[in-house]
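Asks: I would like to see how this sequence folds:
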Amino acid sequence: MTGMEDNLTRLMIEGKEYILIGTAHVSRKSAEQVKQVIEQEQPDAVCVELDEQRYQSIRDGDRWKNTDIFEVIKSKKATLLLVNLAVSSFQKRMAKQFGIQPGQEMIQGIQSAEDTGAELVLADRNIQVTFSRIWGNLGLSGKSKLLMSIFYGIFSNDKISEEELEKMKSQDMLDGMLQDLTDHFPDLKKPLIDERDQYLAQKIKDAPGEKVVAVLGAAHVPGIKEEIYNDHDLKALKKRPPKSKAPKIIGWSIPIFILSIILYTFLSNPAAGTQQTISWILWNGSFSAIGAAAALAHPLAVAAAFLLAPITSLNPLLAAGWFAGIVQAYFRRPNVGDFESLSDDVTTVKGFWQNKVTRILLVVVLANLGSTLGTVIGGADVIRLFIENL
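Replies: Numbering: from 1, shown residues only. Now for the predicted structure:
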């Protein structure tokens with residue numbers, strides 16, 4: 001198998017053979033290699049670096065057509081969906097550059113498993129569990145940096161040669177990538193790489209048969225080579241971190257504090273209390289409306305953001321962006337064509353604003369960000385007026 005052994009790792013553990021294929025997710029050569037290896041090795045099982053959710057999205061290419069955008073907003077998943085699209089943006093641009101479908105090597109693994117009669121094993125951890133464990137391990141500063149890094153991918157026009165892409169699968173480049181990840185986001189490596197290495201290793205080890213081929217992103221191969229000799233508790237690795245009570249406490253404390261000082265000011269100086277109320281409404285409403293307008297929202301969606309932000313800012317269970325997004329979806333409801341073109345549109349900044357689906361998500365997120373900024377500035381102005389009228 002001259003040439004085919006590149007990026008392959010062969011392990012024999014207790015009489016069972018494991019063949020790990022380290023791939024780049026937008027590499028044509030990776031997809032070709034997966035096909036060749038599975039056809040030649042005829043394994044009993046093929047493990048792919050996918051969870052059930054991503055597997056179903058591959059099998060059901062028309063899933064976007066059935067998306068209920070109102071349900072996405074009501075279930076508070078607009079931000080998560082927008083981040084998911086932003087994360088995939090750079091990968092899709094590279095895939096488009098090389099004329100290959102993103103994740104083609106995983107699709108090929110699925111197809112080759114079916115063609116050879118091997119049992120398919122979905123070896124990766126649920127993506128939402130991974131995201132929740134990542135988010136739970138990051139502080140405020142880390143979350144801000146991570147989001148900035150993700151959305152930089154939307155605006156980046158970086159090009160990469162196919163030769164550079166293939167180098168990403170080499171051991172030296174891999175070590176450098178992991179080191180860079182650790183330096184910039186030290187709290188990110190554990191849930192994103194280390195824990196998934198353990199989860200993947202255990203699923204591969206548990207795969208049926210005497211010969212197993214695993215199709216993996218190259219970043220996971222070194223860790224799996226070590227972790228496959230150990231036993232790992234999959235149940236513990238799937239456990240979501242407990243939600244902190246601090247955000248809820250802070251979320252209710254701020255509006256109670258703001259309302260209390262406005263009420264106190266009204267009782268002692270009605271004119272000053274009126275001025276505080278106007279300040280609160282203008283700062284909250286204006287910044288939320290600016291956020292919605294920045295997303296090119298429908299005029300009534302911008303008006304909804306302005307009118308509701310001062311109220312929703314006083315209730316942690318509500319958000320102005322949700323209402324603005326629902327209004328936007330009502331007047332600019334996405335059609336089948338918007339969902340069909342979504343994967344192409346997210347590869348450009350212009351596409352994010354043009355596509356009705358992503359524009360709704362942007363309205364939700366930017367109106368909420370504006371409302372948050374308005375809360376900070378408006379709250380500070382309320383306190384200033386309170387102190388001046390003591």
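Asks: so, low pLDDT: which residues of this structure?
Replies: Counting by pLDDT under 70, the chain shows low-confidence ranges at 1-6, 25-27, 60-66, 83-84, 86-102, 136-185, 187.
Asks: all strands for it, in order.
Replies: With DSSP state E as the criterion, the chain has strands at 8-13, 16-23, 45-48, 119-122, 211-217.
Asks: got those as CSV, with mean neighbour count columns?
Replies: All C-beta spots, glycine's among them, are computed from the backbone N, C-alpha and C. Shown next, in CSV, are the strands of the chain (neighbours: other CB atoms under 10 Å):
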stretch, mean neighbour count
strand 8-13, 13
strand 16-23, 22
strand 45-48, 26
strand 119-122, 17
strand 211-217, 25
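Asks: ok, the closest residue to residue 320 other than its chain neighbours to residue 191 distance?
Replies: What sits nearest to residue 320 in space, not counting adjacent residues and going by CB to CB, 6 or more residues apart in numbering, is residue 309, at 3.9 Å. Counting by CB to CB, to the nearest Å, the separation of residue 309 from residue 191 is 34 Å.
Asks: of the two, which one has the most company?
Replies: residue 309 (35 against 22; other CB atoms under 10 Å).
Asks: ok, the more buried one - contacts?
Replies: Residue 309 makes contacts with 284-285, 287-289, 320, 367, 370-371, 374, as judged by CB atoms under 8 Å, 6 or more residues apart in numbering.
Asks: which of those count as buried?
Replies: 284-285, 287-289, 320, 367, 370-371, 374 (16 or more other CB atoms under 10 Å).
Asks: how many residues are close by the nearest residue to residue 281 once chain neighbours are set aside?
Replies: Nearest non-adjacent residue to residue 281, counting by CB to CB, 6+ apart: residue 310, 4.4 Å away. Other residues within reach of residue 310, judged by other CB under 10 Å, total 23.
Asks: and residue 358, by the same measure?
Replies: Neighbours of residue 358 (other CB under 10 Å): 22.
Asks: find the nearest non-adjacent residue to it, please.
Replies: residue 352 (4.7 Å).
Asks: the buried ones among the contacts of residue 309 in helices, which ones?
Replies: 284-285, 287-289, 320, 367, 370-371, 374 (DSSP state H).
Asks: of these, just say which sits nearest to residue 15.
Replies: residue 367 (59.9 Å; CB to CB).
Asks: list the residues that contact that closest one.
Replies: 288-289, 291-292, 295, 297, 301, 305, 309, 320-321, 324-325.
Asks: can I get these in CSV with distance to residue 82?
Replies: Below are the contacts of residue 367 laid out as CSV (distance: CB to CB, whole Å):
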residue, distance to residue 82
288, 17
289, 20
291, 13
292, 14
295, 11
297, 14
301, 16
305, 17
309, 19
320, 16
321, 11
324, 14
325, 11
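Asks: looking at those, point me to the pair that's furthest apart.
Replies: Every pair of the contacts of residue 367 checked by CB to CB; the farthest is 295 and 309, at 14.4 Å.
Asks: surely residue 81 is in contact with residue 73?
Replies: No - using CB atoms under 8 Å, residue 81 makes no contact with residue 73, being 9.7 Å away.
Asks: helices of the stretch 251-390 of the chain, start to end?
Replies: 270-294, 299-312, 320-331, 336-340, 342-345, 349-354, 356-388 (DSSP state H, counting those that start in this stretch).
Asks: nearest spatial neighbour of residue 379, chain-adjacent residues omitted?
Replies: residue 258 (5.6 Å).
Asks: what residues go with each domain of the protein?
Replies: Using automatic domain parsing, the domain parsing of the chain gives 8-237, 246-388.
Asks: hey, which of those domains is tucked in deepest?
Replies: domain 246-388 (a mean of 19; mean count of other CB atoms under 10 Å).
Asks: measure it end to end?
Replies: 31 Å (CA to CA, to the nearest Å).
Asks: residues in contact with the residue nearest to residue 225 when sequence neighbours are not counted?
Replies: The shortest distance from residue 225 to any non-neighbouring residue, by CB to CB, 6+ apart, is to residue 9 (6.1 Å). The neighbours of residue 9, taking CB under 8 Å, 6+ apart as the test, are 19-20, 22, 221, 225.
Asks: repeat for residue 10
Replies: 17-20.
Asks: specify which member of those is nearest to residue 116.
Replies: Among these, and counting by CB to CB, the member closest to residue 116 is residue 19, at 13.3 Å.
Asks: just put the strands of the chain in CSV and tack on distance to residue 378.
Replies: Below are the strands of the chain laid out as CSV (distance: least, CB to CB, whole Å):
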stretch, distance to residue 378
strand 8-13, 57
strand 16-23, 51
strand 45-48, 50
strand 119-122, 48
strand 211-217, 45
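Asks: out of the ones you listed, which is closest to residue 383?
Replies: Of the strands of the chain, nearest to residue 383 by CB to CB is strand 211-217, at 49.8 Å.
Asks: pairing partners for that closest one, with directions?
Replies: Strand 211-217 sits in its sheet next to strand 16-23 (parallel), strand 45-48 (parallel), going by DSSP bridges.
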